[in-house]
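# Provided below for reference: sequence and predicted model.
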Amino acid sequence: MTVLDDIIAGVREDLEVRRSAVPLEELKLRAEAAPAALDAYAALGGTAEPRTELKVISEVKRKSPSKGELASITDPAELARRYEQGGAAVISVLTEQRRFNGSLDDFDAVRAAVEIPLLRKDFTVDEYQIWEARAHGADLVLLIVAALDDAALRSFLKLTESLGMNALVETHTAEEIERAVAVGARIIGVNVRNLKTLDVDRSVFASLVGNIPPEAVIVAESGVRDADDVAHYAAHGANAVLVGEALVIGNQPEQAIADFSTAGAAAIAERLKG
Ligand SMILES: O=P(O)(O)OC[C@@H](O)[C@@H](O)c1c[nH]c2ccccc12
């Protein structure tokens, strides 16, 4: 059993508890009553021609299976406000409980505090979670290709888009990118952390990015320690980076986001020249 399998088993159990508390029919009513989703594809620069900016997706992340406790984050809304003020394009809120110590309560607190698009970051394995994301005001959901077969990936993406949201479709291999492209993913993430082993290998991004078509927004996920790492991803074609640990362990997230944006834009300018 891989780490991913183990996490998903827990996610399914927790999901059944919520499903018995709030049936899908009730959730659908809540989703219909929620304000319309914001355009995360545009917020990530997808419509810009050329894409000259490096967008930062800033993550509210307390804990992870690879690193254990990262930060207590007693006030996720306050952290999210700092991310927004620092210039984050999107905020990611982990809602997985067992391994990441996240929750939908965290998500709600952040939703009430900021106006930029929000990613409900969880291991999506059931349509219920997509309705739930929308009911809580999410603009984006995470679809991890390694966790889904083609039929599920296709139907989850379709449902997500039919609810006005976007999906960040996460990949880690050339084959997963091919599957993401085949179902029509418009925002494709390359996670340099292998979710089956938790190993981080930053070189994975540069080796795989060439497989992603130019219409897709390309997100480099994980392993950003500093502005140099952002410049590296941007130089190889990232339009956005997803950053958790570096922002939650530092005490100047606004400054870090500004530095990442500047370093990324400079690397993109170089790439567009050459
Ligand atoms: O903390 P980091 O190394 O900056 O990584 C952030 C993000 O990429 C990572 O949290 C992540 C990427 N994909 C995921 C899927 C599930 C849970 C977490 C993740």
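Ah, there it is. Every value quoted in this text rests on a predicted model; they were computed, and no experiment measured them. Residues are numbered from 1 along each chain as shown.
# Every contact and neighbour count from this point should use C-alpha atoms.
Will do.
# Residue numbers of the stretch 101-250 of the chain in contact with the ligand?
By Cα under 6 Å from any ligand atom, the residues of the stretch 101-250 of the chain that approach the ligand are 191, 221, 222, 223, 224, 242, 243, 244, 245, 246.
# Sort out which residues of the longest helix that the chain contains are buried, please.
If you go by DSSP state H, the chain has its longest helix at helix 253-273. Under the neighbour-count criterion of 16 or more other Cα atoms under 10 Å, helix 253-273 has 253-268 buried.
# Same check on stretch 150-161?
For stretch 150-161, using 16+ other Cα under 10 Å, the buried residues are 152, 153, 154, 156, 157, 158, 159, 160.
# Inside helices: which ones of those?
Short answer: the buried residues of stretch 150-161 in helices (DSSP H) are 152, 153, 154, 156, 157, 158, 159, 160.
# residues contacting the closest residue to the fifth one other than its chain neighbours?
Leaving out its chain neighbours, the residue that sits closest to residue 157 by Cα to Cα, 6 or more residues apart in numbering is residue 167, at 6.6 Å. Residue 167 is in contact with 140, 141, 142, 143, 157, 160, 161, 185, 186, 187, counting by Cα atoms under 8 Å, 6 or more residues apart in numbering.
# Same check on residue 144?
Applying Cα under 8 Å, 6+ apart, the residues near residue 144 are 123, 124, 169, 170, 171.
# Would you mind stating the distance between the residue nearest to residue 157 and residue 145?
11 Å (Cα to Cα, to the nearest Å).
# And residue 230, by the same measure?
From residue 230 to residue 145 the distance is 24 Å (Cα to Cα).
# Likewise for residue 96?
For residue 96 relative to residue 145 (Cα to Cα), the value is 17 Å.
# same question, residue 165
Taking Cα to Cα, one finds residue 165 at 18 Å from residue 145.
# and the two? which has more neighbours close in?
The neighbour count for residue 165 versus residue 145, taken as other Cα atoms under 10 Å, is higher for residue 165 (26 against 21).
# for the more buried one, what are its contacts?
Listed by Cα under 8 Å, 6+ apart, the contact partners of residue 165 are 37, 38, 39, 40, 134, 138, 139, 140, 141.
# so who does the second one touch?
In other words, residue 38. 116, 117, 139, 165.
# Equivalent analysis for the last one, please.
Contacts here follow Cα under 8 Å, 6+ apart; on that basis residue 141 touches 119, 120, 121, 122, 124, 130, 133, 160, 165, 166, 167, 168.
# if I pick residue 193, what's in contact with it?
Counting by Cα under 8 Å, 6+ apart, residue 193 has contacts 172, 199, 200, 201, 221, 222, 223.
# what bridges to residue 166?
residue 140 (DSSP bridges).
# And for the one 5 residues further on?
Legend: beta-bridge partners of residue 171 under DSSP bridges are residue 190.
# Verify the stated contact: it with residue 190.
Yes: if you go by Cα atoms under 8 Å, residue 171 and residue 190 touch, sitting 5.0 Å apart.
# And residue 158, how far from the ligand?
From residue 158 over to the ligand the distance is 20 Å, taken as Cα to the nearest ligand atom, to the nearest Å.
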